[in-house]
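Colleague: Here is my input; please provide its structure:
(one chain, ligands or ions: 1)
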Amino acid sequence: MGRSSKDKRDIYYRLAKEEGWRARSAFKLLQLDEEFNLFKGVSRAVDLCAAPGSWSQVLSRKLRGKDKSEEVKIVAVDLQAMAPLPGVTQIQGDITKISTAQEIIRHFEGQSADLVVCDGAPDVTGLHDVDEYIQAQLLLAALNITTHVLKPGGNFVAKIFRGKDVTLLYSQLKIFFSSVTCAKPRSSRNSSIEAFVVCQNYSPPEGYVPNMSNPLLDHSYDVDFNQLEGPNRIIVPFLACGDLSAFDSDRTYPLQLDSSKEYQYLPPTQPPIRPPYQQACQLRKNNLLAKEDSPSGPLDDALSTLHL
Ligand code: SAM
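Modeller: The predicted model follows:
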């Protein structure tokens, strides 16, 4: 396979490189904004699970504008290191940890955010129930942080997997936001269960006190969601967003999109920094990876020390 084959298979991957985005996910946030006008009046934003940083790029470009407004505050958080971006403060940490949440809160110096976005995704295992469960936990961790930093009336956008238990999540979100919509941007493949919840107008229940050391929802607010059945199950509107003329992420396009412009391969905008597979690449380069016919190579030794 040539290096242009991904450009052909994935039109948004290719456009991301052409427009200087670090990842194709940038288009998802841009298309969500087209539909929901998310950035209007926003000067403080949090990007949870931000690496490699295309959503932070979108926030930086859209919120700071041409005059690179210094008023705008953007905080980005991820487990992984991320190359710097103009106007974006970075925190390397786990959003499920109290210490990370506290650090984000400190960065806002008592002020509230207008918008919190979270494109968090676990490393998928292929076991759908497990993947959906971990994804839901990430979303709840993001919501927990959001309850600490978001101003009343503010908005929260997060990736969600539309699995069989998704209505439970909708119910939980509905407690905190007056409007919850499930949206599918055109740049998100139809073949994927990924979608985004757009939660508008943050309005927590009266007397709700955000507390990082408690589970977000102690179920003391009205109902036991698992008991909801039939018509009582929460249904939220589902919206496909992005211009209908926008590229279809499930289609393959020819390399030359425009007859007047010749196709040219472009490298990714930002190669990964300190990726988790870096050590394996180094071992392979030095021919230190275990071979099939020598069961106790250096990697095996390392793994046996870790009891794996
Ligand atoms: N929105 C990003 C962009 O546009 O470049 C892409 C985000 S990527 C799909 C998902 C990210 O979630 C990964 O970088 C991963 O490290 C991060 N992540 C997963 N679990 C996390 C956690 N518990 N805390 C912080 N980040 C996490």
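
Colleague: If you count neighbours, what's buried in stretch 104-112?
Modeller: Within stretch 104-112, the residues scored as buried using 16 or more other Cβ atoms under 10 Å are 104-105, 107. Where C-beta positions appear, they are placed from N, C-alpha and C, glycine not excepted.

Colleague: can I assume K174 sits in a strand?
Modeller: No: K174 is assigned helix when assessed by DSSP: H, G, I helix; E, B strand; the rest coil, not a strand.

Colleague: What is the neighbour count of it?
Modeller: Under the neighbour criterion other Cβ atoms under 10 Å, K174 is assigned a count of 15.

Colleague: And L38, by the same measure?
Modeller: The burial count for L38: 22, using other Cβ under 10 Å.

Colleague: For the stretch 1-150 of the chain, give me the ranges with low pLDDT.
Modeller: Along the stretch 1-150 of the chain, segments meeting pLDDT under 70 span 1-2.

Colleague: if we go to 90?
Modeller: 1-10, 65-71, 96-102, 105-110, 121-134, 137 (pLDDT under 90).

Colleague: And the buried residues of stretch 104-112, which is closest to the ligand?
Modeller: Using Cβ to the nearest ligand atom, I104 is the member of the buried residues of stretch 104-112 that lies nearest the ligand, at 11.1 Å.

Colleague: Can you list the buried residues in the biggest helix by length in the chain?
Modeller: Scanning the chain for the longest helix, with DSSP state H as the assignment, gives helix 128-149. Residues of helix 128-149 classed as buried by neighbour count (16+ other Cβ under 10 Å): 131-132, 134-136, 138-149.

Colleague: what do you get for stretch 111-128?
Modeller: Within stretch 111-128, the residues scored as buried using 16+ other Cβ under 10 Å are 113-120.

Colleague: And it, end to end?
Modeller: 39 Å (Cα to Cα, to the nearest Å).

Colleague: where's it relative to the chain centroid, distance-wise?
Modeller: In this view, stretch 111-128 has its centroid 4 Å away from the chain centroid, taken as Cα atoms, centre = their mean, to the nearest Å.

Colleague: Tell me which residue lies nearest the centroid of this structure.
Modeller: Note on the chain: the residue nearest the mean C-alpha position is D119, at 0.9 Å, using Cα atoms, centre = their mean.

Colleague: My read is that that one contacts P52, right?
Modeller: No: using Cβ atoms under 8 Å, D119 is not in contact with P52, being 10.9 Å away.

Colleague: before we move on, the earlier item: now do the contacts for the closest residue to the residue nearest to the centre of the chain other than its chain neighbours.
Modeller: Closest residue to D119 apart from its sequence neighbours, by Cβ to Cβ, 6 or more residues apart in numbering: K159 at 5.1 Å. K159 makes contact with 118-121, 135, 139, 194-196, according to Cβ atoms under 8 Å, 6 or more residues apart in numbering.

Colleague: Ok, T100 next?
Modeller: 77, 91, 93-94, 145.

Colleague: Could you list the low-pLDDT ranges of the stretch 201-308 of the chain?
Modeller: 205, 207-246, 248, 250-265, 267-268, 270-285, 287-308.

Colleague: one step back: among the buried residues of stretch 111-128, which are in strands?
Modeller: Among the buried residues of stretch 111-128, the members found in strands (DSSP state E) are 113-118.

Colleague: Enumerate the residues of the stretch 51-200 of the chain near the ligand.
Modeller: 51-55, 77-80, 94-96, 119-122, 138 (Cβ under 6 Å from any ligand atom).

Colleague: Correct me if wrong: A16 contacts S54.
Modeller: Yes: in this structure A16 lies within contact range of S54 using Cβ under 8 Å: 6.9 Å.

Colleague: More neighbours: which of these two?
Modeller: Each of A16 and S54 has its neighbours counted (other Cβ under 10 Å); S54 has more, 26 against 23.

Colleague: would you list every one of the strands in the stretch 151-300 of the chain?
Modeller: 177-185, 194-202, 238-241 (DSSP state E, counting those that start in this stretch).

Colleague: Least reliable of the ones you listed by average pLDDT, please.
Modeller: Per-segment mean pLDDT for the strands of the stretch 151-300 of the chain reaches its minimum on strand 238-241, at a mean of 86.

Colleague: about what we covered before: identify, from the buried residues of stretch 111-128, the entry nearest to the ligand.
Modeller: D119 (3.3 Å).
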